[in-house]
Every structure is written in structure tokens, then in C-alpha cells.
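Asker: Give me coordinates for this.
(one chain, ligands or ions: 3)
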Amino acid sequence: MEKVNKVVLSQVITPRDPQSYKGNYGKILIIAGSTHFGGAAILCSSAAVHSGAGLVTVATTPEKFTAINVKIPEAMTIDYHSKKDLQLAIQNSNVIAIGPGLGTSSVAKGLVKAVLTNTNAEQTIILDASALTIIAETDLLLQSEANLVLTPHQGEWQRLSQLPIAQQTPENSQAKLRELNPKAILILKKHLSEIYYQDKILQIQAGNPGMATGGMGDTLTGILAGFIGQFGFSIKTISSALLIHSLIADDLNEKNYVVLPSKIIEKLPKYMAKFSQK
Ligand SMILES: NC(=O)C1=CN([C@@H]2O[C@H](COP(=O)(O)OP(=O)(O)OC[C@H]3O[C@@H](n4cnc5c(N)ncnc54)[C@H](OP(=O)(O)O)[C@@H]3O)[C@@H](O)[C@H]2O)[C@@H](O)CC1
Ligand SMILES: Nc1ncnc2c1ncn2[C@@H]1O[C@H](COP(=O)(O)OP(=O)(O)O)[C@@H](O)[C@H]1O
Ligand SMILES: [Mg+2]
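Answerer: Ligands and ions are numbered 1, 2, ... in the order given. Below you'll find the predicted structure:
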């Protein structure tokens with residue numbers, strides 16, 4: 001297993017071209033949130049904005065528009081019940097993150113299917129949380145033409161792979177990923193999270209139990225979306241997103257018993273500046 005350390009950050013987070021504009025840094029669509037899980041949509045979209053995404057649109061239920069607009073005025077909102085608006089937003093995005101706080105209603109199931117069947121090889125889909133629970137009951141993953149990133153915690157990976165946590169060895173997880181979609185990237189979230197991509201297995205060398213807080217994974221999904229939107233879909237980009245999330249958390253954990261996702265989000269721009277200068 002290859003270890004991911006700080007070296008990758010300065011390779012990925014490079015200084016911006018003076019002539020560049022927001023269109024160069026990713027058009028991100030985040031399909032997230034539902035009546036009881038508004039915070040997941042806020043954390044995910046806020047993380048995408050703070051990690052440098054050029055344009056962020058949140059597709060959610062209209063009852064959450066005000067909260068999102070107040071917390072993250074940089075993000076736009078659309079109603080995920082509108083098939084027309086959703087279709088247009090999917091077409092116009094390079095990166096689509098779906099699942100945080102989405103729930104598993106029939107509307108949510110329709111959204112997951114719409115994303116997986118209306119995207120192409122130029123686009124990346126990050127499937128997290130409720131989206132992973134929904135696809136566990138389908139064969140939609142195999143039908144997708146897009147680049148896929150799956151971000152389960154061990155409970156979600158158990159649902160998706162049928163591997164009980166005790167049997168989630170690197171060999172077993174790699175074999176299951178091949179069955180689900182051999183081109184997909186799997187991020188297995190745990191202490192020292194693992195990344196699986198074809199024959200490669202990488203392990204993040206950071207992270208701490210102060211991170212065991214609701215919303216921590218929703219935040220990672222937003223960072224992944226922001227990083228892929230700016231730096232492109234690659235194993236290095238994905239490793240960097242995971243590493244910066246955990247490194248900031250380790251820094252915060254030195255003086256804080258528990259690490260709040262919103263505190264990680266606040267620190268992202270400064271950390272990115274630090275690594276872009278090395
Ligand atoms: N503020 C908000 O809006 C927030 C909204 N959120 C949204 O809630 C939705 C549900 O997501 P979820 O992850 O909370 O629950 P679920 O899919 O039922 O999985 C849990 C099951 O797996 C098991 N389990 C085993 N290992 C595990 C592990 N390492 N980590 C975690 N669980 C582990 C676990 O076992 P148990 O702990 O019960 O023994 C249980 O049986 C989703 O849309 C998400 O985005 C949250 O993000 C919170 C903040
Ligand atoms: N003990 C731990 N050590 C390191 N990282 C942890 C630990 N506990 C949780 N994390 C990290 O926190 C995140 C939790 O993700 P997830 O369970 O999806 O959160 P949520 O769905 O509540 O947003 C993952 O990135 C995971 O690696
Ligand atoms: Mg989660």
C-alpha cells in the first residue's frame with residue numbers, strides 16, 4: 001500500500017494563472033440536502049467554495065434555499081424537483097457530487113439515476129452518503145460513462161459491497177470494486193482512509209478521532225468536488241483532497257478535543273496558499 005504524504009500537495013495545488021477566470025476552476029453541481037439534513041448540503045457546498053471551486057450550484061429542496069444563501073452566498077441554488085432545471089445543470093457541470101443529506105426517498109432515487117445516466121466521459125460524479133445507499137440496490141454504476149468516485153464509510157461500503165467490516169481487507173475491497181465498476185475510484189473512509197484505483201491502493205497518512213463528528217464526510221465530498229473541478233480528475237488530485245482535509249483536522253486537534261467540519265472549511269484557503277508556495 002502506497003502512503004500519501006504532503007509532497008503531493010505542492011504538486012497539485014499550483015499557483016493560479018494570472019489570466020484565469022472562474023470558468024477555469026470548475027462548474028460544480030452539488031445535489032444534496034432534504035428536510036431533515038440541510039446541514040449536509042451547507043457543509044458540502046461551503047467546502048467546495050472554500051477549496052476554490054469556480055462556480056458552485058446546489059440542487060436541493062426550496063425550503064433550504066434561504067439557509068444556503070445566507071451561509072454561502074457564493075453558491076447558486078436550483079430546485080431538484082424540476083427535471084428541466086436539473087437536466088440543464090447536469091449538462092453544464094464538470095463535476096457533480098450527489099448524496100450528502102439527500103435521503104433515500106423516491107425523489108432521491110430518481111436524482112441518482114438521472115445523474116448516472118445523463119453524464120459523459122468528460123464529467124466526474126462523486127457518489128456519497130445517501131447516493132451510495134441508493135445505488136447499493138441497483139446496477140447503475142456499471143451503466144455510467146462518467147468518471148466515478150465513491151466515498152463510503154465502512155458501514156456504507158458494507159451495504160454496497162456486501163463485505164462485513166471485518167472482511168474489508170484491501171484484497172477483498174479491490175475485488176469488489178472491480179465488480180461494481182472497474183474504472184471507478186473508491187475512497188474507503190476510516191482511520192487512515194484508503195484510496196483504490198485499478199491496481200493501486202493508497203493510504204492517507206493523517207487524520208484523528210476528533211474527526212468523528214457528523215458532517216465530516218459531507219465536508220470531504222465538497223473538497224473533492226472543488227479539487228477535481230480545479231485540478232482535474234486524477235489520483236493525485238483525489239489524494240490531495242483527502243490529505244488536506246485530514247491535515248487541517250490534525251492541526252485543529254492539537255488544541256481541540258473535537259474537530260468541527262466548519263472549522264476545517266474556514267482554514268482551507270490559507271492551507272492551500274501555504275502549499276501552493278512550496
Ligand atoms: N448535518 C447533517 O445534515 C448531516 C447529515 N448526514 C446525512 O445523514 C444521512 C445518513 O448518513 P449516516 O452516515 O449518518 O448514516 P447511514 O447511512 O445510516 O450509515 C450509518 C450506518 O453504518 C454503520 N457504520 C458502520 N461503520 C461506520 C462508520 N465508520 N461510520 C459511520 N457509520 C458506520 C452505522 O452503525 P452504528 O453506528 O449504528 O453501529 C449505521 O448502521 C446521509 O445522507 C448523510 O449525508 C450525516 O452526514 C450527518 C450530518
Ligand atoms: N477515528 C478517525 N480517524 C481518522 N479519520 C476519521 C475518524 N473518524 C472519522 N474520520 C473521518 O471523518 C469522515 C467521516 O465521514 P462520514 O462518516 O461520511 O461523515 P458524515 O456522513 O457525518 O459527514 C471521514 O473522512 C473519516 O475518514
Ligand atoms: Mg457520510
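Asker: So for the closest residue to Leu142 other than its chain neighbours, what's the pLDDT?
Answerer: Distance criterion Cβ to Cβ, 6 or more residues apart in numbering; nearest residue to Leu142, sequence neighbours excluded, is Asn181 at 5.8 Å. In this view, the C-beta of every residue, glycine as well, is placed from N, C-alpha and C. pLDDT, Asn181: 94.
Asker: Same check on Lys278?
Answerer: 57.
Asker: where does the chain have low pLDDT?
Answerer: Within the chain, the ranges that satisfy pLDDT under 70 run 278.
Asker: of all of this protein, which residue lies closest to ligand 1?
Answerer: Gly155 (2.1 Å; Cβ to the nearest ligand atom).
Asker: Could you pull up the residues touching that residue?
Answerer: Ile165 (Cβ atoms under 8 Å, 6 or more residues apart in numbering).
Asker: Would you agree the residue nearest to Leu142 is in contact with Asp139?
Answerer: No: with contact defined as Cβ atoms under 8 Å, Asn181 and Asp139 do not form a contacting pair (9.8 Å).
Asker: Quick check: neighbours shared by those two?
Answerer: With Cβ under 8 Å, 6+ apart, Asn181 and Asp139 have no common neighbours.
Asker: Which of the two has more residues huddled nearby?
Answerer: Remark: of Asn181 and Asp139, Asn181 carries more neighbours, 18 against 9, as counted by other Cβ atoms under 10 Å.
Asker: residue of the stretch 151-278 of the chain with the smallest distance to ligand 3?
Answerer: Gly217 (3.1 Å; Cβ to the ion).
Asker: Am I right that that residue sits in a helix?
Answerer: Yes: residue state for Gly217 (DSSP: H, G, I helix; E, B strand; the rest coil) corresponds to a helix.
Asker: From the structure, what's the count of residues near it?
Answerer: 24.
Asker: Likewise for Glu63?
Answerer: 11.
Asker: same deal with Gln154?
Answerer: 15.
Asker: again with Glu266
Answerer: Neighbours of Glu266 (other Cβ under 10 Å): 14.
Asker: Where does it fall, secondary structure wise?
Answerer: Of the helices and strands defined by DSSP states H and E, Glu266 is found in helix 261-276.
Asker: and that helix with ligand 2, contact?
Answerer: No: on the criterion Cβ under 6 Å from any ligand atom, helix 261-276 is out of touch with ligand 2, staying 7.1 Å away.
Asker: tell me what that helix is packed against?
Answerer: helix 7-12, helix 38-50, helix 216-231, helix 235-255 (3 or more Cβ pairs under 8 Å, 6 or more residues apart in numbering; DSSP states H and E).
Asker: about what we covered before: residue contacts, the residue nearest to Leu142?
Answerer: 141-142, 144, 148.
Asker: What about Thr151? Give its phi and psi, please.
Answerer: Torsion angles at Thr151 (phi, psi; degrees, to the nearest 10) stand at phi -130, psi 60.
Asker: Verify the contact between it and Leu127 for me.
Answerer: Yes: counting by Cβ under 8 Å, Leu127 is a contact partner of Thr151 at 7.0 Å.
Asker: so how far is His81 from the residue of the stretch 151-278 of the chain closest to ligand 3?
Answerer: 25 Å (Cβ to Cβ, to the nearest Å).
Asker: Which residue is the nearest non-sequential neighbour of the closest residue to ligand 3 within the stretch 51-200 of the chain?
Answerer: Residue of the stretch 51-200 of the chain nearest ligand 3, by Cβ to the ion: Ala129 (4.2 Å). In space, and not counting its chain neighbours, Ala129 is closest to Gly99: 4.1 Å by Cβ to Cβ, 6+ apart.
Asker: check contacts around that neighbour.
Answerer: Gly99 touches 31-32, 112, 126-132, 221, counting by Cβ under 8 Å, 6+ apart.
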